[in-house]
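**Student:** what's the 3D shape of this:
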Amino acid sequence: METIAIFLAVQMAMVATALWESRIEGKNIGGSTQTGWKINILGTKFTEYHFWLWIVAYPLLLSIPLIISFSWKLLAVLLSSYLIGLVLEDFMWFVFNPFFGLNKFNSKEVKWYAWLKIGHFEIPAFYPIYTLLALMIYFLL
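**Tutor:** Coordinates of the predicted model:
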């Protein structure tokens with residue numbers, strides 16, 4: 001039961017992040033007008049603020065329960081929840097952003113991602129990668 005509660009809490013935090021991030025960025029997609037450096041990692045453009053949010057702040061916050069009481073199961077739940085949450089947060093950004101809705105959720109409009117295309121279906125390449133990685137971590141740890 002606590003595994004589900006942890007998973008849901010992380011997902012709710014990610015949805016909340018998508019909401020405020022969509023309001024901060026608005027029509028300035030992907031943080032394009034934010035101050036700081038910008039880099040390209042494996043076809044995905046990262047701004048400095050995205051780096052500090054996703055690579056530093058969230059992992060540090062999610063590590064707090066591990067400092068209090070480490071277990072491999074808890075680590076697996078937190079890592080898996082984080083990876084699934086990254087996918088959810090990204091998708092919800094399109095749902096919430098009034099300037100860049102779901103109608104622009106495609107490779108023609110979203111140039112800051114590498115896309116996986118199968119026929120007419122396309123999805124950001126990191127969605128299935130993160131989801132598969134999350135499942136592997138959860139079931140192997």
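
**Student:** can you point out the buried residues in the strand or helix carrying Ser80?
**Tutor:** Per DSSP states H and E, Ser80 falls inside helix 72-96. Going by neighbour count (16 or more other Cβ atoms under 10 Å), the buried part of helix 72-96 is 74-94, 96. C-betas here are computed from N, CA, C, even on glycine.

**Student:** and the contacts of it?
**Tutor:** 3, 6-7, 10-11, 13-15, 17-19, 21-23, 25, 54, 58-59, 62-63, 65-66, 100-102, 104-105, 124, 126-127, 130-131, 133-135, 137-138, 140-141 (Cβ atoms under 8 Å, 6 or more residues apart in numbering).

**Student:** so where do the helices sit in the chain?
**Tutor:** Under the criterion DSSP state H, helices of the chain are mapped to 2-25, 48-50, 58-68, 72-96, 126-140.

**Student:** what comes up buried for the helix or strand of the chain with the lowest mean pLDDT?
**Tutor:** None of the helices or strands of the chain scores lower by mean pLDDT, DSSP states H and E than strand 44-47, at a mean of 77. For strand 44-47, a neighbour-count test (16+ other Cβ under 10 Å) marks Phe46, Thr47 as buried.

**Student:** same for that strand, what does it pack against?
**Tutor:** Judged by 3 or more Cβ pairs under 8 Å, 6 or more residues apart in numbering; DSSP states H and E, the packing partners of strand 44-47 are strand 38-41.

**Student:** so where's this protein uncertain?
**Tutor:** Within the chain, the ranges that satisfy pLDDT under 70 run 43.

**Student:** export the helices of the chain as JSON lines, with columns for distance to Leu42.
**Tutor:** JSON lines is the format used below for those (distance: least, Cβ to Cβ, whole Å):
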{"stretch": "helix 2-25", "distance to Leu42": "21"}
{"stretch": "helix 48-50", "distance to Leu42": "14"}
{"stretch": "helix 58-68", "distance to Leu42": "19"}
{"stretch": "helix 72-96", "distance to Leu42": "14"}
{"stretch": "helix 126-140", "distance to Leu42": "9"}
